[in-house]
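Undergrad: here is my input, please return the structure:
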Amino acid sequence: MSLRVAIVDDHAMFRTGVRAEVDHDVEVVAEAEDVDTAVEAIIRTLPDVVLLDVHMPGGGGLEVIRRVHPRHLEVKFLALSVSDAAEDVIGIIRAGARGYVTKNISGPELVDAIRRVASGDAVFSPRLAGFVLDAFAGTIEVAQVDEDLDRLTEREREVMRLIARGYAYKEVAKELFISVKTVETHVSSVLRKLQLSSRHELTRWANERRLI
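TA: Okay, the predicted model is just below:
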(Lines give C-alpha, C1' and ligand atoms only; values in the text may rest on other atoms or scores of the structure.)
Protein backbone atom coordinates (compact mmCIF):
# COMPACT_ATOMS: atom_id res chain seq x y z
CA MET A 1 0.00 0.00 0.00
CA SER A 2 1.42 3.42 -0.97
CA LEU A 3 2.16 6.09 1.61
CA ARG A 4 -0.57 8.66 2.21
CA VAL A 5 0.63 12.26 2.05
CA ALA A 6 -0.83 15.73 2.65
CA ILE A 7 0.64 18.86 1.04
CA VAL A 8 0.33 22.08 3.03
CA ASP A 9 1.48 25.27 1.30
CA ASP A 10 -0.16 28.61 0.60
CA HIS A 11 0.90 28.65 -3.06
CA ALA A 12 -1.45 26.60 -5.27
CA MET A 13 1.06 26.34 -8.11
CA PHE A 14 3.68 24.94 -5.76
CA ARG A 15 1.24 22.34 -4.41
CA THR A 16 0.42 21.34 -7.99
CA GLY A 17 4.11 20.98 -8.78
CA VAL A 18 4.79 18.85 -5.71
CA ARG A 19 1.80 16.62 -6.47
CA ALA A 20 3.08 16.12 -10.00
CA GLU A 21 6.51 15.12 -8.68
CA VAL A 22 5.33 12.61 -6.06
CA ASP A 23 1.95 11.35 -7.36
CA HIS A 24 3.39 8.26 -9.02
CA ASP A 25 5.06 7.10 -5.80
CA VAL A 26 2.71 8.16 -2.99
CA GLU A 27 -1.00 8.88 -2.60
CA VAL A 28 -1.76 12.57 -2.03
CA VAL A 29 -4.88 12.49 0.16
CA ALA A 30 -5.19 16.19 1.05
CA GLU A 31 -4.01 19.68 0.21
CA ALA A 32 -4.33 22.85 2.28
CA GLU A 33 -3.32 26.50 1.96
CA ASP A 34 -3.46 27.84 5.53
CA VAL A 35 -3.37 26.69 9.14
CA ASP A 36 -7.09 26.14 9.70
CA THR A 37 -7.70 24.17 6.48
CA ALA A 38 -4.51 22.18 7.10
CA VAL A 39 -5.52 21.13 10.61
CA GLU A 40 -8.99 20.11 9.41
CA ALA A 41 -7.63 18.15 6.43
CA ILE A 42 -4.93 16.37 8.44
CA ILE A 43 -7.28 15.31 11.22
CA ARG A 44 -9.87 14.18 8.64
CA THR A 45 -7.50 12.11 6.47
CA LEU A 46 -4.71 11.19 8.95
CA PRO A 47 -1.92 10.96 6.34
CA ASP A 48 1.33 9.13 7.03
CA VAL A 49 3.39 12.23 6.24
CA VAL A 50 2.52 15.93 5.98
CA LEU A 51 4.68 18.05 3.67
CA LEU A 52 4.51 21.32 5.56
CA ASP A 53 5.51 24.84 4.57
CA VAL A 54 6.98 26.87 7.43
CA HIS A 55 5.51 30.28 6.60
CA MET A 56 1.77 30.43 5.92
CA PRO A 57 -1.25 32.57 6.84
CA GLY A 58 -2.63 31.94 10.30
CA GLY A 59 0.51 31.08 12.24
CA GLY A 60 2.61 28.94 9.90
CA GLY A 61 3.77 25.36 10.08
CA LEU A 62 4.53 25.59 13.78
CA GLU A 63 0.86 26.24 14.55
CA VAL A 64 -0.25 23.29 12.42
CA ILE A 65 2.03 20.92 14.33
CA ARG A 66 0.98 22.33 17.71
CA ARG A 67 -2.68 21.76 16.93
CA VAL A 68 -2.33 18.28 15.40
CA HIS A 69 0.67 16.55 16.94
CA PRO A 70 -0.47 16.08 20.57
CA ARG A 71 -3.64 14.27 19.41
CA HIS A 72 -2.18 12.36 16.47
CA LEU A 73 1.40 11.33 17.14
CA GLU A 74 1.20 8.81 14.28
CA VAL A 75 1.17 11.66 11.73
CA LYS A 76 4.71 12.66 10.80
CA PHE A 77 5.70 16.10 9.54
CA LEU A 78 8.36 16.93 6.97
CA ALA A 79 9.02 20.66 6.57
CA LEU A 80 9.38 21.71 2.93
CA SER A 81 10.31 25.37 2.77
CA VAL A 82 12.09 28.00 0.72
CA SER A 83 13.66 29.19 3.96
CA ASP A 84 16.99 27.74 5.07
CA ALA A 85 17.30 30.03 8.11
CA ALA A 86 18.51 28.48 11.37
CA GLU A 87 15.60 29.69 13.51
CA ASP A 88 13.03 28.20 11.12
CA VAL A 89 14.78 24.83 11.07
CA ILE A 90 15.27 24.68 14.83
CA GLY A 91 11.77 25.95 15.65
CA ILE A 92 9.91 23.45 13.47
CA ILE A 93 12.03 20.52 14.65
CA ARG A 94 11.47 21.45 18.29
CA ALA A 95 7.73 21.55 17.58
CA GLY A 96 7.83 17.93 16.40
CA ALA A 97 8.73 17.76 12.70
CA ARG A 98 10.85 14.75 11.69
CA GLY A 99 12.76 16.54 8.97
CA TYR A 100 13.35 19.73 7.02
CA VAL A 101 14.21 20.02 3.34
CA THR A 102 14.36 23.07 1.08
CA LYS A 103 12.24 23.60 -2.03
CA ASN A 104 15.14 23.12 -4.44
CA ILE A 105 15.03 19.40 -3.65
CA SER A 106 14.43 17.11 -6.66
CA GLY A 107 11.32 14.97 -7.03
CA PRO A 108 13.09 11.64 -6.42
CA GLU A 109 14.90 13.10 -3.40
CA LEU A 110 11.60 14.33 -1.99
CA VAL A 111 9.96 10.93 -2.41
CA ASP A 112 12.93 9.35 -0.67
CA ALA A 113 12.66 11.88 2.18
CA ILE A 114 8.94 11.13 2.57
CA ARG A 115 9.61 7.41 2.79
CA ARG A 116 12.40 7.85 5.30
CA VAL A 117 10.33 10.14 7.53
CA ALA A 118 7.40 7.69 7.35
CA SER A 119 9.72 4.90 8.53
CA GLY A 120 10.86 6.94 11.51
CA ASP A 121 14.11 8.49 10.25
CA ALA A 122 15.01 12.16 10.62
CA VAL A 123 15.79 13.81 7.29
CA PHE A 124 17.52 17.12 6.59
CA SER A 125 19.04 18.88 3.63
CA PRO A 126 22.82 18.67 4.27
CA ARG A 127 23.42 22.28 5.35
CA LEU A 128 20.40 22.29 7.65
CA ALA A 129 21.51 19.31 9.72
CA GLY A 130 24.34 21.47 11.05
CA PHE A 131 21.87 24.00 12.44
CA VAL A 132 20.16 21.33 14.51
CA LEU A 133 23.45 19.96 15.82
CA ASP A 134 24.68 23.46 16.65
CA ALA A 135 21.46 24.31 18.46
CA PHE A 136 21.62 21.27 20.70
CA ALA A 137 25.34 21.84 21.25
CA GLY A 138 24.54 25.36 22.42
CA THR A 139 26.55 27.22 19.79
CA ILE A 140 23.48 29.04 18.42
CA GLU A 141 21.80 31.31 20.96
CA VAL A 142 18.29 30.36 19.94
CA ALA A 143 16.53 32.35 22.66
CA GLN A 144 18.21 35.58 21.59
CA VAL A 145 17.51 34.91 17.91
CA ASP A 146 13.84 34.30 18.72
CA GLU A 147 13.62 37.49 20.81
CA ASP A 148 15.04 39.62 18.00
CA LEU A 149 12.86 38.01 15.33
CA ASP A 150 9.70 38.31 17.41
CA ARG A 151 9.85 42.03 16.67
CA LEU A 152 9.44 41.35 12.96
CA THR A 153 6.39 40.21 11.03
CA GLU A 154 6.69 37.12 8.81
CA ARG A 155 6.88 39.31 5.69
CA GLU A 156 9.55 41.50 7.28
CA ARG A 157 11.60 38.36 8.04
CA GLU A 158 11.37 37.27 4.41
CA VAL A 159 12.46 40.70 3.18
CA MET A 160 15.24 40.85 5.78
CA ARG A 161 16.76 37.54 4.65
CA LEU A 162 16.73 38.45 0.98
CA ILE A 163 18.20 41.91 1.58
CA ALA A 164 20.87 40.40 3.82
CA ARG A 165 21.73 37.96 1.02
CA GLY A 166 22.45 40.89 -1.28
CA TYR A 167 19.23 41.02 -3.30
CA ALA A 168 18.36 44.37 -4.86
CA TYR A 169 14.98 45.86 -4.00
CA LYS A 170 13.62 44.96 -7.46
CA GLU A 171 14.79 41.35 -7.00
CA VAL A 172 13.11 41.13 -3.59
CA ALA A 173 9.90 42.53 -5.07
CA LYS A 174 9.95 39.95 -7.84
CA GLU A 175 10.74 37.06 -5.47
CA LEU A 176 7.93 37.93 -3.04
CA PHE A 177 5.39 39.24 -5.59
CA ILE A 178 5.19 42.67 -3.96
CA SER A 179 6.01 46.20 -5.15
CA VAL A 180 9.40 47.88 -4.80
CA LYS A 181 7.70 50.54 -2.66
CA THR A 182 6.46 47.83 -0.29
CA VAL A 183 9.96 46.37 -0.08
CA GLU A 184 11.33 49.81 0.84
CA THR A 185 8.69 50.15 3.55
CA HIS A 186 9.52 46.72 5.01
CA VAL A 187 13.27 47.41 4.98
CA SER A 188 12.77 50.70 6.83
CA SER A 189 10.61 48.92 9.40
CA VAL A 190 13.17 46.10 9.86
CA LEU A 191 16.05 48.53 10.35
CA ARG A 192 14.02 50.54 12.86
CA LYS A 193 12.89 47.51 14.87
CA LEU A 194 16.38 46.00 15.00
CA GLN A 195 17.98 49.40 15.66
CA LEU A 196 20.24 49.14 12.62
CA SER A 197 21.19 51.96 10.27
CA SER A 198 22.06 50.34 6.92
CA ARG A 199 21.84 47.27 4.70
CA HIS A 200 25.47 46.55 5.54
CA GLU A 201 24.66 46.39 9.26
CA LEU A 202 21.63 44.23 8.53
CA THR A 203 23.76 41.75 6.57
CA ARG A 204 26.28 41.56 9.38
CA TRP A 205 23.48 41.16 11.97
CA ALA A 206 21.90 38.30 10.00
CA ASN A 207 25.26 36.59 9.39
CA GLU A 208 26.15 36.67 13.07
CA ARG A 209 22.87 34.92 13.86
CA ARG A 210 23.23 32.48 10.96
CA LEU A 211 19.94 33.56 9.44
CA ILE A 212 21.16 33.55 5.81
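Undergrad: going by C-alpha atoms from here, please, whenever you check contacts or count neighbours.
TA: Noted.
Undergrad: and the strands in the protein, which stretches?
TA: For the chain, applying DSSP state E gives strands covering 4-8, 27-32, 49-52, 76-81, 99-102, 123-124.
Undergrad: ok, longest helix in the protein?
TA: helix 180-194 (DSSP state H).
Undergrad: closest to residue 197 out of the strands of the chain?
TA: Shortest distance between residue 197 and those, using CA to CA, is found for strand 76-81: 29.7 Å.
Undergrad: hmm, back to that, dump the strands of the chain to TSV, plus mean neighbour count, distance to residue 150 and mean pLDDT.
TA: TSV is the format used below for these (neighbours: other CA atoms under 10 Å; distance: least, CA to CA, whole Å; pLDDT from 0 to 100):
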stretch	mean neighbour count	distance to residue 150	mean pLDDT
strand 4-8	26	24	97
strand 27-32	20	26	95
strand 49-52	26	21	96
strand 76-81	26	20	93
strand 99-102	24	22	90
strand 123-124	20	25	88
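Undergrad: so residue 21 makes contact with residue 107?
TA: Yes. Look at residue 21 against residue 107 with CA atoms under 8 Å: they come within range, at 5.1 Å.
Undergrad: phi and psi next, for the most centrally placed residue in the chain.
TA: For the chain, the residue nearest the mean C-alpha position is residue 54 (2.9 Å; CA atoms, centre = their mean). Here is the backbone geometry of residue 54 (degrees, to the nearest 10): phi -80, psi -40.
Undergrad: which ones are touching it?
TA: Counting by CA atoms under 8 Å, 6 or more residues apart in numbering, residue 54 touches 60-62, 79-81, 83, 88, 92.
Undergrad: show me the two of those that sit farthest apart.
TA: 62 and 83 (13.9 Å).
Undergrad: these two: which is more packed in?
TA: Ranked by neighbour count (other CA atoms under 10 Å), residue 62 and residue 83 place residue 62 first, with 23 against 20.
Undergrad: does that one touch residue 90 like I think?
TA: No. Shown here, residue 62 and residue 90 do not form a contact pair, counting by CA under 8 Å, at 10.8 Å.
Undergrad: I'd like the average pLDDT over the longest helix of the chain.
TA: The average pLDDT for helix 180-194 rounds to 93.
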